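**Student:** What follows is a protein structure lacking sequence information:
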Ligand code: GDP
């Protein structure tokens, strides 16, 4: 049995898409278990550059079955747009299955995301406004709609009417907007529901059989550990758990089946939106790093927003690896530091005059200051390197020091955004 999870150790954008795309080649099934179109994975391979939001990163391999699991926030409009974008690129029609239990992001959720961020004004969370928080609120308030409900008109209208009792009061009296009707929403969903039919199945049964047949299964996380609603930097978190521990729930598999957990982290830190960010750089230093980071600068794959950037935060990342239960780490973007004379690592925090290597709770995190180590840079382009021993000695030292601080083996080092710019260590 080979079940592997690829998850983020930080704030998201660690390069999980690239690692999943790489590992998907040796997988039979790739499953997304949480999140929706609010974040994007950038993948660069022979089809060019693609930003995937909902679709699992195995869609570039015709042999892979790609599953959108019940833990996701399923947006039918975005789903068909993404499939079409792949066709337009010449990608062979991928094998895709959508859980009959996954719940549907309604236009109503998107509307609520927009009006609430507008109401919050300066205090807004920096939501991507894809309806994700209102969607998960409805799911846990038990007023959401499952994909299976789309094929039962009476049940669908009943679900929507229950939901709208509250929503319309808020729309009219809090947000000053016209009310919406269940019939209106049901009519909007109708066409997509029909188009969706061939993709829908009981994905838990499919996975159960796949496990019994020893298939190679890859579970793909969105965002990262520090966005977890319980363990992350509340309230600057996402609405579903991006943890490998949740992968079994969100995909529908036995918890003990997940043997390998690859936590992905970047050589530097990046973070989108508001919230505490201890190692943040500003001014020219930030600008230099932002422009050089990733494949085309550190700008959000979904929103295009400039990402905040900073030095590698070993305190936050060690915590992220622990919460994920990482069995190994994939370190991406090592090539990006090639321009620096010196590189810094945040090895500890100082909070209220005390030094700690434990990641504080969110209320305390606001007062944490980074304690840094400085290492010599390598000032070399390393994108052609395919073996650890061929890295410049200073780059090797950096990786080894990061590994020491994380207390988890760095098993993969990525030295460029393209599929082959990576090596096993
Ligand atoms: P994800 O959501 O975790 O998949 O991360 P994103 O796709 O949002 O951001 C990662 C960025 O880093 C993307 O622009 C990738 O193309 C890029 N990337 C991934 N690995 C590497 C690497 O080793 N070097 C460089 N330069 N870019 C990388």
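**Tutor:** That came through fine. This is a predicted model, so every value here is computed, not measured.
**Student:** Pick out the residue in the stretch 151-300 of the chain sitting closest to the ligand.
**Tutor:** The ligand sits closest to residue 294 of the stretch 151-300 of the chain, with a gap of 3.1 Å, by Cβ to the nearest ligand atom. Placement of C-beta: from N, CA and C, glycine included.
**Student:** which residues touch that residue?
**Tutor:** Taking Cβ atoms under 8 Å, 6 or more residues apart in numbering, we find residue 294 in contact with 13, 15, 42, 333, 336, 417.
**Student:** Are the helix or strand of the chain with the lowest mean pLDDT and the ligand in contact anywhere?
**Tutor:** The helix or strand of the chain with the lowest confidence, counting by mean pLDDT, DSSP states H and E, is strand 41-45 at a mean of 85. Yes: against the ligand, strand 41-45 shows contacts by Cβ under 6 Å from any ligand atom at 41-42, 44.
**Student:** Then stretch 407-425?
**Tutor:** Yes: against the ligand, stretch 407-425 shows contacts by Cβ under 6 Å from any ligand atom at 414-417.
**Student:** got the buried residues for that stretch?
**Tutor:** Neighbour-count burial for stretch 407-425 flags 408, 410-418, 421-422, 425 (criterion: 16 or more other Cβ atoms under 10 Å).
**Student:** And for it, what's in contact with it?
**Tutor:** 15, 18-19, 21-22, 42, 44-46, 262-263, 294-295, 318, 321, 326-335, 382-383, 385-388, 391, 399, 402-403.
**Student:** Stretch 42-55 now?
**Tutor:** Contacts of stretch 42-55 (Cβ under 8 Å, 6+ apart): 17-18, 21, 32, 36-41, 57, 59-60, 66, 68, 72, 74-75, 78-79, 82-83, 85-86, 89-91, 94, 96, 294-295, 301-302, 417-419.
**Student:** Figure out how far that stretch is from the centre of its chain.
**Tutor:** Relative to its parent chain, stretch 42-55 has a centroid offset of 14 Å by Cα atoms, centre = their mean, to the nearest Å.
**Student:** Stretch 310-324 now?
**Tutor:** Remark: stretch 310-324 is offset 16 Å from the chain centroid, using Cα atoms, centre = their mean.
**Student:** quick one: average confidence on that stretch?
**Tutor:** The average pLDDT within stretch 310-324 is 98.
**Student:** Buried ones in that stretch, by neighbour count?
**Tutor:** Residues of stretch 310-324 classed as buried: 310-324 (neighbour count, 16+ other Cβ under 10 Å).
**Student:** Show me what the helix or strand containing residue 287 is packed up against.
**Tutor:** Per DSSP states H and E, residue 287 falls inside helix 283-292. Packing contacts for helix 283-292, counted by 3 or more Cβ pairs under 8 Å, 6 or more residues apart in numbering; DSSP states H and E, involve strand 308-310.
**Student:** hmm, back to that, which of the contacts of stretch 42-55 count as buried?
**Tutor:** Neighbour counting with 16+ other Cβ under 10 Å marks 17-18, 21, 32, 36-41, 57, 59-60, 66, 68, 72, 74-75, 78-79, 82-83, 86, 91, 94, 96, 294, 301, 417-418 as buried within these.
**Student:** Can you flag which of these belong to helices?
**Tutor:** Applying DSSP state H to the buried ones among the contacts of stretch 42-55, the entries found in helices are 17-18, 21, 78-79, 82-83, 86.
**Student:** can you tell me if stretch 212-231 touches the ligand.
**Tutor:** No: Stretch 212-231 lies out of reach of the ligand by Cβ under 6 Å from any ligand atom, never closer than 7.1 Å.
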